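>>> Attaching a predicted model along with its sequence, questions to come.
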Amino acid sequence: MKLLYLTLTFLMIGSFALQSQNIYYTREARISFYSEAPLEDIEAHNNRGSSVIDFDNCNIESSVLIRGFMFEKSLMQEHFNENYLESHKYPRATFKGTFVNCEEITIESDGTYPFTVEGELEMREITGEVIAEGEIVVENGQISGTAEFTVKVADYNIRIPALVRDNIAREIDVRIEANYQKLDR
């Protein structure tokens, strides 16, 4: 499993231009989602997301294994993997995007920098456009980031059985938190 994460991370890094000097990465991004529902709220967390930011070219790429999401209730986790996301067929979700306001992020100076990222989220072999809002925090040379966006279940052909349709929200709130480290060559 670790080999898969390393391979994904280095493939993402390799897709960025070699002349870039400001590439940061993590293999421990924390991705969570939340769905408020009438009978029971649904929440899951995954602490093994991979992400690479190329600040010179204003790009970000991220990947997460679907099976890595952990739920409080094992039955929810089983249904999520087997019935809704079908992680045996579609093992990962990926995001590729561009910072809209990259020139406003100064990684050489401490500060909090709000950002907007526009990109494409691929999940279940379906690609949809996503706009995420967040912030980059630079403190003593360390870079962290948070972002939030909403995913519409129907956009990714996630079928919800009629029996439970009213118990599951049509939109899912996604939150990402990551501490990045500079890629040294």
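Received, thanks. Residues are numbered from 1 along each chain as shown.
>>> end to end, how far does stretch 159-170 reach?
11 Å (C-alpha to C-alpha, to the nearest Å).
>>> partners of the helix or strand where residue 138 lies, with directions?
For residue 138, the host element (DSSP states H and E) is strand 126-139. In the sheet, strand 126-139 lines up against strand 111-123 (antiparallel), strand 142-152 (antiparallel) (DSSP bridges).
>>> For that strand, buried residues please.
130, 132, 134, 136, 138 (16 or more other C-beta atoms under 10 Å). In short, each C-beta sits where N, CA and C put it, glycine included.
>>> same deal with stretch 90-108?
Neighbour-count burial for stretch 90-108 [16+ other C-beta under 10 Å]: 92, 93, 94, 95, 96, 97, 99, 102, 105, 107.
>>> repeat for stretch 49-62
Per 16+ other C-beta under 10 Å, stretch 49-62 contains these buried residues: 49-55, 57-62.
>>> got those as TSV, with secondary structure, distance to residue 21 and pLDDT columns?
TSV is the format used below for these (DSSP: H, G, I helix; E, B strand; the rest coil; distance: C-beta to C-beta, whole Å; pLDDT from 0 to 100):
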residue	secondary structure	distance to residue 21	pLDDT
49	strand	24	97
50	strand	21	97
51	strand	18	97
52	strand	14	97
53	strand	13	97
54	strand	10	97
55	coil	9	95
57	coil	11	96
58	coil	14	96
59	strand	14	97
60	strand	16	97
61	strand	17	97
62	strand	21	97
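>>> and these as CSV, adding distance to residue 111?
Compiled in CSV, these are given as follows (distance: C-beta to C-beta, whole Å):
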residue, distance to residue 111
49, 24
50, 26
51, 20
52, 22
53, 16
54, 20
55, 14
57, 21
58, 18
59, 21
60, 19
61, 24
62, 23
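>>> With respect to residue 25, which of the residues you listed is nearest?
Closest approach to residue 25 among the buried residues of stretch 49-62 (C-beta to C-beta): residue 52, at 4.6 Å.
>>> Residue 180 versus that closest one, what's the distance?
9 Å (C-beta to C-beta, to the nearest Å).
>>> Out of the strands paired with strand 126-139, which is closest to residue 172?
strand 142-152 (4.8 Å).
>>> what sits up against that closest one?
Strand 142-152 has contacts (C-beta atoms under 8 Å, 6 or more residues apart in numbering) with 24, 33, 53, 107, 115, 117, 121, 123, 128, 130-137, 170-180, 182.
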